[in-house]
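> no sequence for this one, just the structure:
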Ligand code: SME
């Protein structure tokens, strides 16, 4: 099955599961689970939440151990949170500021989650054990999914 087809199925499934749900943790947990088990190239899938100014803490995730705390100044997640822009890293080993939670990770994508005022409230981090696993297709679908979280963050 193509990547787009996998996303279409997973999105449909997530939409049905989260209908009417407004709790941000429940939403993030469901999204992380469905994405992780629905996409072949996802090896760590989860959210980091902004819990204090300039600070991310791990939220709902699937996969191996994830670092608990990431300051905005560090990592690909920190850069995404600082700039409020999607980050795609084809080769994490070539990026000095990447934080390695697992030695098997080769590439990653990080997408910001914005509240209704446009502030970053979380990031969605997906890591793959394959190099160059993420592209504009991943960015488009993951940004769409993250936009479904916006109403849960009142601002
Ligand atoms: N890849 C992240 C660190 C988090 S773990 O990979 C789960 C980063 O460099 O921000």
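Good, I have the coordinates. Just so you know, these numbers come straight off a predicted model, no measurement behind them.

> Now do the strands in the chain.
Remark: strands assigned in the chain by DSSP state E are 44-52, 55-62, 69-71, 87-89, 107-114, 120-128.

> tell me which parts of this protein are close to the ligand?
44, 66-67, 70, 75-77, 98-99, 101, 105, 108, 125, 127 (Cβ under 6 Å from any ligand atom). To be clear about C-beta, it is placed using only N, CA and C from the backbone, and glycine gets the same treatment.

> let's go with 8 Å and repeat that
44, 46, 48, 58, 61, 63, 66-67, 70, 74-80, 92, 95, 97-102, 105, 108, 110, 125, 127 (Cβ under 8 Å from any ligand atom).

> What subset of those is buried?
44, 46, 48, 58, 61, 63, 66-67, 70, 75-80, 92, 95, 98, 101, 105, 108, 110, 125, 127 (16 or more other Cβ atoms under 10 Å).

> so where is the chain shaky, pLDDT-wise?
Where the chain drops to pLDDT under 70, the residues are 155.

> Dead centre of it: give me the residue that sits there.
residue 124 (1.6 Å; Cα atoms, centre = their mean).

> Would you confirm that that one contacts residue 145?
Yes. Between residue 124 and residue 145 there is a contact at 7.4 Å, judged by Cβ atoms under 8 Å.
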